[in-house]
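Undergrad: Kindly generate the corresponding structure for this input.
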Amino acid sequence: MSAETTINITYSQTPRPCKKQRCELCQTKQEHPPYWFASTIIDGREHHLYLGTEFRPVLLDEFLKAKPAPAKATLPALPTSKEFHQDLKKFKNIRLKDIKVQYRELIKKYHPDQYGDNDEQIQEWMKIINIVRENHLNRQERWIQGSHS
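TA: Next up, the predicted model:
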């Protein structure tokens, strides 16, 4: 970084509880004084510093010593409809003890948190996975009750 580079430092105040077990303010649900934070971007990465309850100017060296904020993870590509239907076929003729394992695998693969909560296709697929699992469990439960009556 050259000596001529200008770095903008942004200061902000955030009221938040400390969540310490022995804190009287948190136990009485009173607010703490706002905490000061400083942030900047160096070499394309965000850097944040906690300053405490008192404001103080920050030197660039403090940012360089601090760990940069972790890079934001990119979301994986949405599976195709064909992949989804192939995965659902794994439920066909499945044994009772394998339903739980297969269900967990599908939930991991198609959980909305992996693709962003607002993707309607993934949410619809999750509903289908849950319905298929319930149908299999109900069918096997009826079979077990029918064979032991």
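
Undergrad: can we go C-alpha only for contacts and neighbour counts from here?
TA: Will do.

Undergrad: shaky segments in this protein?
TA: 1-5, 16-19, 67-73, 116-118, 147-149 (pLDDT under 70).

Undergrad: What is the longest helix of it by residue count?
TA: helix 120-147 (DSSP state H).

Undergrad: Buried residues, that one. List them.
TA: Across helix 120-147, burial judged by 16 or more other C-alpha atoms under 10 Å covers 122-123, 125-126, 129, 132-133, 136-137.

Undergrad: And stretch 93-110, by the same measure?
TA: 99, 102-103, 106, 109-110.

Undergrad: which residues touch it?
TA: Contact partners of stretch 93-110, identified using C-alpha atoms under 8 Å, 6 or more residues apart in numbering, comprise 87, 90-91, 122, 125-126, 129, 133, 136-137, 140.

Undergrad: wait, is Gln13 part of a strand?
TA: Yes: counting by DSSP: H, G, I helix; E, B strand; the rest coil, Gln13 falls inside a strand.

Undergrad: Next up, the contacts around it.
TA: With contact taken as C-alpha under 8 Å, 6+ apart, Gln13 is in contact with 34-37.

Undergrad: Just give me the neighbour total for His48.
TA: A count of nearby residues for His48, using other C-alpha atoms under 10 Å, gives 19.

Undergrad: what's it sitting at in phi/psi?
TA: With angles defined as degrees, to the nearest 10, His48 shows backbone torsions of phi -130, psi 140.
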